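Visitor: Sharing a sequence plus its predicted fold:
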Amino acid sequence: MGQALSKKQQSRKRKAQLADGSVQGVDRSPSRLDSHVWRIGLLVLSLAMQCLVFPPLDIWPLAFVCLVPWFVCIAVGESAPTAYLFSYLLGAGFFLINLRWMGEVTPPGYVVFSLYLAVYYPLVACPVRYAVRRRRIPLAVIGPIVWVATELCRATVISGFPWFFLGHTAYKVLTLIQISDLVGAYGVSFVLVAINGALADLILRRCDNKGESPISSAWPTRLGTWFAGLLLVFTCVYGWFRLAQTEPKPGPKVAVLQQDYPNHVDEFERANEPRPFERRASYEVLLARASADEPDLFLLPETPWTMALNPEMLQSEPDEEVRFYRQSYDMLHTRATRSASYLVTGAMSRIETPYAVKHDLIQHNSAFVFPPDGSPPQRYDKVHCVYFGEVVPFRYGRLRFLYFWLNELTPYGANGYEFSITPGSEFRVFSMKPESMPGQTFRFGVPICYEDVMPYVSRRFVLDPVTKEKRVDFLLNISNDGWFVHSDELPQHLAICVFRAVENRVPIARAVNTGISGFIDSTGKIHDLVEVNGRSRGPGIVGHSTANLMIDDRLSVYTRTGDIFAVVCGLLSLLVYADYVIVRIIASRRPETG
């Protein structure tokens, strides 16, 4: 009985191996690399390199090899569940190490979110392992397709978190990132993963498999190597061409202002923060200093100080808070008119709704544009709100009970306070006529904070939905990274913003509380950062920087087509998944032998 049972178990194991591609008609002897010691060593090596390639360390050449040990580990191991488990542990280690700045705001949220993001590693490992072992598709081909598909998924699910794309590591290598105007940042990731895959194919072709045929045979290895090589050559040639083609024209002069005010969730630490009127006074000093440069536009961060500037709030029953808002409005309005300059600042828009059943206040995270002619400011309300940071889901509708539970779990909602803001309804475009450039008009959009991280937001600002033409000349990003103090989040945020400039061929000016503030031209070059003693990040970086925006009239392919390339990769990945599922179903229905 025991022997028969053992044979059934062996049969089931063989079916699983056939479905997974672990065997091709005969059992494959385990490789010397198929041991936990070697696997752990490979995964630790891959983890270390993946941590080194991202800002602030920026050892970008490692991006060409950082996935190789992991790919080898996926392909060589005989046990598929073990490969997926180790992949998840690799992902958990990566995000727990590199997302630690999120712990400044919510330690529990940081851990939970990191463990969720780690799921994407085994989601890559499953189809990649299957395609390599059973379908003999080279890693150089299947690897980048699946990787980009999961990057797209991360950028979309739960409102999206397009952070730590492998392509972001190359933000300083202008030649490599120019293909972003064709296929977005996803294209740079695709090229880097293809190189990683080709190198892994070569290793798998040559590694000792104890007398059995190599996992990667000759023709897939050659195919993958040629594919990755030609891809890299095309990327470099295209990059050189686009950089040489750039002929920007002078645009308005912009002054970006930066203070150093870390924000805190903890009530005790909040009590020790500078008061709003103290913050306002410090920005008045910066505005006066920046006026000496005679800019056409002043750019303040997302939350220079706590204020609401919408007419409904300013005209409400005056109390101490409303009087402070009015004083802030008058100061900004006066600065714009006296300097004959536009002034853009972040502030709240608050509308009291005492007769509403489900809320007594509507709030927007807004950007206000004060013109120099003294007319009332125009306003843009942030459209893409960050889940749990700015808005808690299920606030309205039949699942409202979930909203109250989730709201209690957030740092600000622990005492029942409803901090959620209401998203705006349109990506508004503004225009300006600089006094220093008579007869010229420039158009711009103002993505707020993490909106510059979301590829679709900048694209929606740039592309006219009706004419399909370019409708802005530049973007102004206002952010408040003070929630993360002076952590690695700051240079990572800047690196991601670089791709929005290249994708849409627009220069970007950034004003960020605590930094990093400065300028990015349409080729992705970072310049004129706010610095103190050569430092652009860290305590005490306070000041302003003024530069002319260089206007690029080119309308990019990416602006016209969006994320079609990434979507195609997603569809191809789904086909591989479907093939994998079908093979497993067929294998499970085969009669047991023995």
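Guide: Nice, thanks for sending it over. Numbers count the residues shown, from 1 in each chain.

Visitor: Tell me the helices and strands packed up against the helix or strand harbouring Val498.
Guide: Assigned by DSSP states H and E, Val498 belongs to helix 489-504. If contacts are counted by 3 or more Cβ pairs under 8 Å, 6 or more residues apart in numbering; DSSP states H and E, helix 489-504 sits against helix 174-177, helix 180-183, helix 185-206, helix 455-462, strand 474-480, strand 508-513, strand 518-520, helix 557-561. For every residue, glycine as well, the C-beta is placed using N, CA and C.

Visitor: Take these and write them to a markdown table, including mean neighbour count, distance to Val383 and mean pLDDT.
Guide: As requested, these are exported to a markdown table (neighbours: other Cβ atoms under 10 Å; distance: least, Cβ to Cβ, whole Å; pLDDT from 0 to 100):
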| stretch | mean neighbour count | distance to Val383 | mean pLDDT |
| --- | --- | --- | --- |
| helix 174-177 | 22 | 26 | 98 |
| helix 180-183 | 24 | 22 | 98 |
| helix 185-206 | 25 | 20 | 95 |
| helix 455-462 | 23 | 7 | 97 |
| strand 474-480 | 27 | 14 | 97 |
| strand 508-513 | 27 | 18 | 98 |
| strand 518-520 | 24 | 22 | 98 |
| helix 557-561 | 19 | 18 | 97 |
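
Visitor: Would you format these as CSV with distance to Phe227 included?
Guide: Output for those, formatted as CSV (distance: least, Cβ to Cβ, whole Å):
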stretch, distance to Phe227
helix 174-177, 17
helix 180-183, 16
helix 185-206, 7
helix 455-462, 25
strand 474-480, 35
strand 508-513, 34
strand 518-520, 32
helix 557-561, 22
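
Visitor: Nearest to Pro304, out of those?
Guide: strand 508-513 (7.0 Å; Cβ to Cβ).

Visitor: Which residues does that closest one contact?
Guide: 254, 256-261, 263, 299-304, 452, 474-482, 490, 493-494, 497, 500-501, 516-520, 547, 549 (Cβ atoms under 8 Å, 6 or more residues apart in numbering).

Visitor: Can you list the strands that that strand pairs with?
Guide: Strand pairing for strand 508-513, using DSSP bridges, gives strand 474-480 (parallel), strand 518-520 (antiparallel).

Visitor: Compute the inter-axis angle for that strand and helix 489-504.
Guide: Angle between the axes of strand 508-513 and helix 489-504 is 160 degrees (criterion: axes from the mean of the first three to the mean of the last three Cα atoms, to 10 degrees).

Visitor: Now do strand 508-513 and helix 455-462, the angle between them.
Guide: Using the same axes, to 10 degrees: strand 508-513 against helix 455-462 is 120 degrees.

Visitor: can you give me how far strand 508-513 is from the chain middle?
Guide: Offset of strand 508-513 from its chain centre (Cα atoms, centre = their mean, to the nearest Å): 16 Å.

Visitor: What's the first helix or strand after the helix-or-strand element of the chain with minimal mean pLDDT?
Guide: Ranked by mean pLDDT, DSSP states H and E, the weakest helix or strand in the chain is helix 2-20, scoring a mean of 52. Downstream of helix 2-20, the first helix or strand assigned by DSSP H and E is helix 36-53.

Visitor: Just the C-alphas of that following helix, formatted as CSV.
Guide: Provided in CSV are the C-alpha atoms of helix 36-53 (Å, rounded to 0.1, in the frame of the first residue of the first chain):
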residue,chain,number,x,y,z
HIS,A,36,19.6,26.4,-1.2
VAL,A,37,23.1,27.7,-0.5
TRP,A,38,23.7,28.7,-4.1
ARG,A,39,20.2,30.1,-4.4
ILE,A,40,20.5,32.2,-1.3
GLY,A,41,23.9,33.5,-2.5
LEU,A,42,22.5,34.4,-5.9
LEU,A,43,19.4,36.2,-4.4
VAL,A,44,21.6,38.1,-1.9
LEU,A,45,23.8,39.2,-4.8
SER,A,46,20.8,40.3,-6.9
LEU,A,47,19.3,42.1,-3.9
ALA,A,48,22.5,44.0,-3.2
MET,A,49,22.9,45.2,-6.8
GLN,A,50,19.2,46.2,-7.1
CYS,A,51,19.6,48.4,-4.0
LEU,A,52,22.8,50.0,-5.3
VAL,A,53,21.4,51.1,-8.7
